[in-house]
Structures are given as structure tokens and as C-alpha cells.
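Asker: What follows is a protein structure lacking sequence information:
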């Protein structure tokens, strides 16, 4: 091996050794996709993701347009119960949920573009709900309390 080839191989080895290791791929809730016809079980203003006596099965429309990781789900809320999957109390109902780029902060989805801002007041999130969940018809707002589907404690 000539000197130039030797120096090149040593520099290549040093550069490779000095390069940071790639971040591990997200796992857990931020890497999981829920089914489009996600089944939940509701009674009064309570909802869970497994069968419970006295709770009725419902389908929660789930849009997985964002399939990358990390991701989390934004719930689409409305005061109109007509097409609701379940109620959460106070005349507020969930019509569906949409997966977005983001992370869970506790059990709350924090979309990447919003940091810790209150997404319930964000016009872009309301528009996302309207475009992704047909039942919203322009009267939904978003919220991030969806980590419970993955067992994240509240």
C-alpha cells in the first residue's frame, strides 16, 4: 500500500470513528400507528381502549397521513354530538383523531410545529381536523390528550 492510500484509509477510519452514532429510531407510542377504524369503548363521558362491562364499542376515525416517527395523535373535538365517537363532558365530543409529527409530553401530543403552545386555539390544527375528519365540517378544534391509548398515565 502506498503512503497516500495508507493516509486515506487512516483518515477514513478516524472520520468514521469520530462521527456521532445515529440516533436510535423512535419506538413505543411515537412510532406506533393506530388502525383507521380504531375501536374504543365508551359510557357516559368515559372512554377506554379495551372492552369493559357497560361500555359500548365505538369506532374512532383515525387518520394516519403522517407515518413517520416520532409522531402522535391530535384529537378533533366539537360541540356537535351528531357524528361523535364519544363525549368527554361539558358538551364536548370527539369526532376523530389525526396523526402528526410530534412527541408525547406525558400523555399530551405536542405537534412539532407548535412546541408547547395551546393547539386548541391554533387555526392550523382546526383546519387539519376539518380536512382529515369529514364529520368536523369546519366546527372542530384540536387537542393533544391522546396518550392514554398507549397506556401513558395521566
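Answerer: All right, it came through fine. Keep in mind it's a predicted model, so treat the numbers as computed, not measured.
Asker: Please make it C-alpha for all contacts and neighbour counts, starting now.
Answerer: Noted.
Asker: where's residue 42 relative to residue 75, distance?
Answerer: 16 Å (C-alpha to C-alpha, to the nearest Å).
Asker: So for the two, which residue has more residues nearby?
Answerer: The neighbour count for residue 42 versus residue 75, taken as other C-alpha atoms under 10 Å, is higher for residue 75 (26 against 22).
Asker: Mind checking what secondary structure the nearest residue to the more buried one once chain neighbours are set aside has?
Answerer: Nearest non-adjacent residue to residue 75, counting by C-alpha to C-alpha, 6 or more residues apart in numbering: residue 97, 4.3 Å away. Three-state assignment for residue 97 (DSSP: H, G, I helix; E, B strand; the rest coil): strand.
Asker: Then residue 81?
Answerer: coil.
Asker: what about the residue nearest to it when sequence neighbours are not counted, how many neighbours?
Answerer: Nearest non-adjacent residue to residue 81, counting by C-alpha to C-alpha, 6+ apart: residue 93, 6.0 Å away. Other residues within reach of residue 93 by the criterion other C-alpha under 10 Å amount to 23.
Asker: Enumerate every residue touching residue 93.
Answerer: Residue 93 is in contact with 77, 78, 79, 80, 81, 84, 85, 86, 87, counting by C-alpha atoms under 8 Å, 6 or more residues apart in numbering.
Asker: The third one against residue 88, yeah?
Answerer: It stands for residue 79. No. Using C-alpha atoms under 8 Å, residue 79 is not in contact with residue 88, being 10.4 Å away.
Asker: This structure: helices as residue ranges?
Answerer: Ranges of helices in the chain, per DSSP state H, are 3-18, 123-132.
Asker: coming back round to it: shared neighbours of residue 79 and residue 88, which are they?
Answerer: Between them, residue 79 and residue 88 share no contacting residue, judged by C-alpha under 8 Å, 6+ apart.
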